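Curious how this folds, go ahead:
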Amino acid sequence: MESKLPKPPLKIGITGGIGSGKTTAARIFEALGIPVYYADDRAKWLMANDEQLKARIIDLFGPEAYDSSGALNRAHIAQKAFSDGGLLEQLNAAVHPAVGADAERWHKEQSGVPYTLKEAALLYESGSFKALDAVIVVSAPEEVRLRRVMQRDGVEEEAVRARMRKQMPEEEKARRADYRIQNDGQQSIIQQIHAIHQQLQQRYDEI
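Numbering: from 1, shown residues only. Model (predicted):
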């Protein structure tokens with residue numbers, strides 16, 4: 001009798017507005033044995049190592065996009081991208097598909113787990129949520145998020161608010177969520193993650 005192939009893991013996303021604590025939540029899932037793909041970290045790696053993507057970035061930002069050692073000139077790219085919305089859109093249009101393909105390859109390498117987690121700030125904005133089975137949104141009140149980012153990055157309030165305005169509103173993310181974690185410092189984030197972990201394990205078992 002032919003043996004039944006093991007089921008592939010579910011593809012779950014985790015996102016949240018700046019300062020929501022989505023990375024902290026992802027680390028807790030990781031401690032539970034769940035593989036996590038950190039999309040923003042991989043995007044930086046791909047921008048420095050994927051030759052096709054590098055060529056596109058040079059087309060958009062000029063040879064100054066990389067220094068003499070071949071490292072990404074983040075300051076140059078950030079300055080040009082954030083002063084020109086059209087340029088930022090073109091950068092995202094180049095980076096997001098490369099990250100999506102990389103994430104898909106990574107997911108196919110995972111086995112023996114009920115689900116994998118893709119942590120990304122722009123999961124909804126990039127459209128990459130469409131390739132996932134479900135999305136977890138980490139939420140926190142705006143004042144809490146402001147305080148966290150100001151302390152973490154040593155920046156002024158208006159700089160944080162400007163970054164917030166470039167993201168989908170927190171309420172819209174929460175409305176779209178399949179699972180939600182409230183990270184307001186009042187409720188236990190660990191208990192909420194354990195509950196979602198159990199629900200996702202059950203969902204996988206029922207496939």
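
So which bits of the helix or strand harbouring Ile58 are buried?
In the assignment (DSSP states H and E), Ile58 maps to helix 51-61. Going by neighbour count (16 or more other Cβ atoms under 10 Å), the buried part of helix 51-61 is Leu53, Lys54, Arg56, Ile57, Leu60, Phe61. Heads up, the C-betas are built off the backbone N, CA and C, glycines and all.

before we move on, what about stretch 91-110?
For stretch 91-110, burial by neighbour count (16+ other Cβ under 10 Å) applies to Leu91, Ala94, Val95, His96, Ala98, Val99, Gly100, Asp102, Ala103, His107.

Output the helix or strand that contains the fourth one as CSV, restricted to C-alpha atoms.
When you say that, I think you mean His96. Here His96 is covered by helix 85-108, with elements defined by DSSP H and E. Output of helix 85-108 as CSV, limited to C-alpha atoms (Å, rounded to 0.1, in the frame of the first residue of the first chain):
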residue,chain,number,x,y,z
GLY,A,85,6.1,58.6,-4.1
GLY,A,86,6.3,57.3,-7.6
LEU,A,87,9.8,56.0,-7.1
LEU,A,88,8.8,54.3,-3.9
GLU,A,89,6.0,52.6,-5.7
GLN,A,90,8.4,51.3,-8.4
LEU,A,91,10.8,50.1,-5.7
ASN,A,92,8.0,48.2,-4.0
ALA,A,93,6.9,46.8,-7.3
ALA,A,94,10.4,45.4,-7.8
VAL,A,95,11.0,44.1,-4.2
HIS,A,96,7.7,42.6,-3.3
PRO,A,97,7.6,40.0,-6.1
ALA,A,98,11.2,39.0,-5.3
VAL,A,99,10.3,38.5,-1.6
GLY,A,100,7.2,36.6,-2.5
ALA,A,101,9.1,34.1,-4.6
ASP,A,102,11.8,33.8,-2.0
ALA,A,103,9.1,33.2,0.7
GLU,A,104,7.4,30.5,-1.4
ARG,A,105,10.7,28.7,-1.9
TRP,A,106,11.4,28.9,1.8
HIS,A,107,7.9,27.6,2.8
LYS,A,108,8.3,24.6,0.5
